[in-house]
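S.K.: what follows is a predicted protein model with its sequence.
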Amino acid sequence: MLLHDLAHCRAGDKGDIATLSVFPRADEDYPLLVRVLTAARVRAHLDGHVTGEVVRHELPGLCALHFVCHRAGGGVTTSLDLDTHGKSLSSRLLSLEV
């Protein structure tokens with residue numbers, strides 16, 4: 001099953017940092033996401049697009065996980081890559097097998 005089947009993701013980017021917030025479609029799936037979506041696993045899945053540290057913040061009151069991705073492609077306005085927007089990273093993250 002893909003993460004997309006269990007959750008949706010919102011994204012943002014500022015400079016060389018992208019933020020990805022993952023929300024389960026059903027609140028009862030939040031503990032599963034906490035277990036399987038480690039910072040290391042997210043970093044490995046986004047390898048090549050995110051080259052720095054990935055920091056995870058748990059937001060249990062919102063049933064959300066928030067990932068701060070450092071060195072995420074140089075930033076929208078300064079990168080020569082085709083598309084390093086947070087939106088692209090969120091789509092890629094949702095392709096993770098859970």
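M.R.: Sure, I can see it.

S.K.: what segments of this structure are helices?
M.R.: Using DSSP state H, the helices of the chain run over 3-6, 30-36, 39-45, 86-93.

S.K.: out of those, nearest to Arg56?
M.R.: Set against Arg56 and scored by C-beta to C-beta, the helices of the chain come closest in helix 39-45, at 4.2 Å. C-beta here means a position set from N, CA and C on the backbone, and glycine is covered the same way.

S.K.: packing partners of that closest one?
M.R.: Helices and strands touching helix 39-45, as assessed by 3 or more C-beta pairs under 8 Å, 6 or more residues apart in numbering; DSSP states H and E, comprise strand 54-59, strand 64-70, helix 86-93.

S.K.: any idea how far it is from the chain center?
M.R.: Its chain's C-alpha centre and that of helix 39-45 lie 9 Å apart, by C-alpha atoms, centre = their mean, to the nearest Å.

S.K.: just the CA trace of it, in PDB.
M.R.: Taking C-alpha atoms only, helix 39-45 is exported to PDB below (Å, rounded to 0.1, in the frame of the first residue of the first chain):
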ATOM      1  CA  ALA A  39      12.700  11.000   9.600                       C
ATOM      2  CA  ALA A  40      15.300   8.600   8.300                       C
ATOM      3  CA  ARG A  41      12.800   6.800   6.100                       C
ATOM      4  CA  VAL A  42      11.500  10.000   4.600                       C
ATOM      5  CA  ARG A  43      15.100  11.200   4.000                       C
ATOM      6  CA  ALA A  44      15.900   7.900   2.200                       C
ATOM      7  CA  HIS A  45      12.800   8.100   0.100                       C
END
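
S.K.: fine, thanks again, bye for now.
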